[in-house]
Every structure is written in structure tokens, then in C-alpha cells.
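Peer 1: whatever this is, show me its structure:
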Amino acid sequence: MATWAEFAAAAPETAERGAARLAIGFAYIATVSGDGSPRVHPMTPLIAGGRLFVFVAVHTVKYRNLLRDRALRASRRPRRERRGVPRYRPRFRRG
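Peer 2: Have a look, this model is predicted:
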């Protein structure tokens, strides 16, 4: 999996646009539930140290969905208003 810094090196214009949009500190994350249906959740993104961090509480449906299937989409606007958004495969650290 690429870090934000690697992503920015490979696609600087896209990373710059993404960073500007995520800088407001609020966005949405779409995950897939166990039955395959989509779920949209609010999230708090942070880009620091060449990485993208997403704060997710461990007791939430969002967390369980991401543990089961790491596929997600991130956007700062609801789906009906957004264009394309990058797809990420996150890594989790517990502790």
C-alpha cells in the first residue's frame, strides 16, 4: 500500500487537490457492510508525516466494516454532489 507521500509523488496534482479538500477536517467514508450494501459514515481525515490518517472509533460499524473488507471510498461531499474520488486500501494498527 502506498503512503500519501508516495501517492503525491506519483500523482502530484491529484494529491494536492485531495489534500486541499481533506484539509477542512471533515469528510465521508463509504464502506461495504457484511451483506454487500454500501454504508456512508462521517470521518475526520488528517494528512501528516507523508501519511493519511483516518480516525475511527473501535466500537463502530465503520470500524467493523473496514476490518472485514478494507475497500473504501473517501469524499468530502455526499455522493450526489461529488465527482470521482480516489480509492484507498487502509492498514490498521491496534493499540
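Peer 1: distance of Val40 relative to Arg17?
Peer 2: Per C-beta to C-beta, to the nearest Å, Val40 is found 21 Å from Arg17. Where C-beta positions appear, they are placed from N, C-alpha and C, glycine not excepted.
Peer 1: apart from its neighbours in sequence, what residue is nearest the residue nearest to the spatial centre of the chain?
Peer 2: Nearest to the mean C-alpha position of the chain, counting by C-alpha atoms, centre = their mean, stands Ala74 at 4.2 Å. Once flanking residues are discounted, Ala74 sits nearest to Ile29: 5.3 Å by C-beta to C-beta, 6 or more residues apart in numbering.
Peer 1: all helices of the protein, in order?
Peer 2: Using DSSP state H, the helices of the chain run over 4-10, 12-22, 61-68.
Peer 1: thought Asn65 was touching Pro38?
Peer 2: No: with contact taken as C-beta atoms under 8 Å, Asn65 and Pro38 are classed as non-touching, separated by 9.8 Å.
Peer 1: overlap in contacts of the two?
Peer 2: Residues within reach of Asn65 and of Pro38 at once, by C-beta atoms under 8 Å, 6 or more residues apart in numbering, are Thr31, Val32.
Peer 1: more neighbours, those two?
Peer 2: Taking other C-beta atoms under 10 Å, Asn65 and Pro38 do not tie; Asn65 has more neighbours (22 against 11).
Peer 1: gap between that one and Leu72?
Peer 2: Asn65 sits 8 Å away from Leu72, going by C-beta to C-beta.
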